[in-house]
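Student: okay, sequence plus prediction incoming.
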Amino acid sequence: MKLDQQGRVIQPGTAIFPRIVAVPCHVRRVEAVLKPGRTLVDAVALALPRCAGATLRLRGGGFGPMHYVWPDYARSPEHAAFYSDTFSPNGESQLECASMTFGRRNGAPWLHCHGFWTHADGQTSGGHVLPDQAMVSSPIGVEAWVLDGAAFETQQDTEVNFNLLGPVASTLTDARNVNGVAVRLRPGLDFEKALCGIVAERGWQSATIAGGVGSLVGVRFADGSGFTPRPTELFITDAHITAEASDIDLSIIDHQGSRLSGRLAGPPRGPLALGEGDEPDGRCRDGLGAPLAESRQGVGRLRGRR
């Protein structure tokens with residue numbers, strides 16, 4: 001994983017513009033349960049019928065068999081970073097928590113899920129769940145944010161050379177009900193600055209990130225823990241954004257299976273992430289996808305006003 005002089009990961013392709021993709025939409029919170037006996041992608045499709053765009057937070061339940069990968073260094077110049085070989089632990093892996101982006105690939109349901117879990121032998125792990133291989137073995141509780149006016153579809157991203165779920169506009173039932181934006185941040189952006197800028201542009205007093213998965217070059221939490229630059233996968237567990245600042249809680253796993261959770265350090269407490277050496281950076285590695293919802297009454301558990 002090579003970094004430039006500004007601490008940004010050097011991607012294999014040319015930068016794509018715009019760097020921030022933000023599609024206005026209505027965000028609706030629902031609760032569901034993923035039923036056992038199906039692959040993860042099929043279980044979500046059953047729980048959210050006719051849904052073309054949503055993010056989810058998962059807690060409890062389990063997978064068995066479980067199949068997943070860790071982030072890893074690139075194996076060829078075709079990618080800036082890649083994935084490990086597949087892990088397939090014996091028995092049931094108990095899910096601790098996870099976040100997911102759900103959408104479509106070639107017209108069929110597809111998803112991108114990062115999480116933490118514990119294997120049957122007691123070993124803790126986490127990473128990127130293989131959606132069409134991991135089987136739901138115990139009911140999994142879900143908090144989902146379903147989008148109206150936006151969807152997530154896989155697109156060939158020539159900058160990072162991966163097929164990635166990204167937000168696209170779809171038919172909006174009622175434009176008066178817009179209360180969020182489906183967002184993708186492209187690589188190399190300042191994480192907090194980009195999110196605060198979206199809130200300011202929309203004229204919102206505050207907003208929350210509903211779910212969200214992605215990667216950072218490195219990370220430093222408010223308690224001083226963190227990772228120096230290395231391959232990572234992250235999932236957001238809670239986040240509140242204003243035009244000036246943010247409070248973002250996330251969990252992250254690296255290429256060796258090391259796990260960390262906490263609140264991102266940010267101004268005035270310090271940088272969001274680490275760049276080259278020990279210098280602060282705050283850059284996305286491969287990008288981040290999530291809906292950003294205005295904090296106001298009537299949107300799930302969100303509170304506030306313009």
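Tutor: Thanks, I have it.

Student: use CA for all of it now, contacts and neighbours both
Tutor: Will do.

Student: what distance do you get for Ala239 to Gln256?
Tutor: 26 Å (C-alpha to C-alpha, to the nearest Å).

Student: neighbour count for the two, which is higher?
Tutor: Set Ala239 next to Gln256 and count neighbours by other C-alpha atoms under 10 Å: Ala239 wins out with 19 against 14.

Student: after the longest strand seen in the chain, which helix or strand is next?
Tutor: Scanning the chain for the strand with the most residues, using DSSP state E, yields strand 20-34. As assigned by DSSP states H and E, the chain's next helix or strand after strand 20-34 is helix 40-47.

Student: just how off-centre is whatever helix or strand comes next after that next one within its chain?
Tutor: Counting by DSSP H and E, the next helix or strand C-terminal to helix 40-47 is strand 54-59. Distance, stretch centre to chain centre, for strand 54-59: 10 Å (C-alpha atoms, centre = their mean, to the nearest Å).

Student: what does strand 54-59 contact?
Tutor: 95-103, 140-147, 151-152, 210-212, 237, 290-291 (C-alpha atoms under 8 Å, 6 or more residues apart in numbering).

Student: mark which of those residues are buried, thanks.
Tutor: Buried members of these, scored by 16 or more other C-alpha atoms under 10 Å, are 95-103, 140-147, 151-152, 210-212, 237, 290-291.

Student: next step: those residues restricted to helices.
Tutor: Using DSSP state H, no member of the buried ones among the contacts of strand 54-59 falls in helices.

Student: that older thread, buried ones in the longest strand of the chain?
Tutor: In strand 20-34, counting by 16+ other C-alpha under 10 Å, buried: Ile20, Val21, Ala22, Val23, Pro24, Cys25, His26, Val27, Arg28, Arg29, Val33, Leu34.

Student: same question, stretch 219-226
Tutor: Val219, Arg220, Phe221, Ala222, Gly226.

Student: how far out from the middle of the chain is the longest helix anywhere in the chain?
Tutor: In the chain, with assignment by DSSP H, the single longest helix is helix 191-202. Here helix 191-202 is found 17 Å from its chain centre; the criterion is C-alpha atoms, centre = their mean.

Student: how far off strand 20-34 does it point, in degrees?
Tutor: On the basis of axes from the mean of the first three to the mean of the last three C-alpha atoms, to 10 degrees, helix 191-202 is oriented at 100 degrees to strand 20-34.

Student: mean confidence score for helix 191-202?
Tutor: For helix 191-202, the per-residue pLDDT values average out at 91.

Student: correct me, but Phe235 touches Gly115?
Tutor: Yes: with contacts defined as C-alpha atoms under 8 Å, Phe235 counts as touching Gly115 at a distance of 6.9 Å.

Student: can you give me the end-to-end span of stretch 47-61?
Tutor: One end of stretch 47-61 sits 15 Å from the other (C-alpha to C-alpha).

Student: re earlier: other residues contacting the longest strand of the chain?
Tutor: 43-44, 46-47, 136, 139-150, 167-169, 172, 177-186, 194, 291, 293, 299-300.

Student: which of the residues you listed fall in strands?
Tutor: Per DSSP E, these map to strands at 136, 140-148, 150, 167-169, 180-185, 291, 293.

Student: what about Asn90, which SS state?
Tutor: Going by DSSP: H, G, I helix; E, B strand; the rest coil, the secondary structure assigned to Asn90 is coil.

Student: beta partners of the residue nearest the centre of the chain?
Tutor: Centroid-nearest residue in the chain: Val213, 0.9 Å away (criterion: C-alpha atoms, centre = their mean). Beta bridges link Val213 to Phe235, Gly289, judged by DSSP bridges.

Student: surely it touches Ile236?
Tutor: Yes: contact criterion C-alpha under 8 Å: Val213 and Ile236 qualify, at 6.4 Å.

Student: hey, what's in contact with both of these two?
Tutor: Joint contacts of Val213 and Ile236 (C-alpha under 8 Å, 6+ apart) are Ser99.

Student: enumerate every residue touching Ser251.
Tutor: Contacts of Ser251 (C-alpha under 8 Å, 6+ apart): Gly115, Leu234, Phe235, Ile236, Thr237, Arg259, Leu260, Ser261, Gly262.

Student: one more time with 10 Å, if that's ok
Tutor: 97-99, 114-116, 126, 213, 233-237, 259-264 (C-alpha atoms under 10 Å, 6 or more residues apart in numbering).
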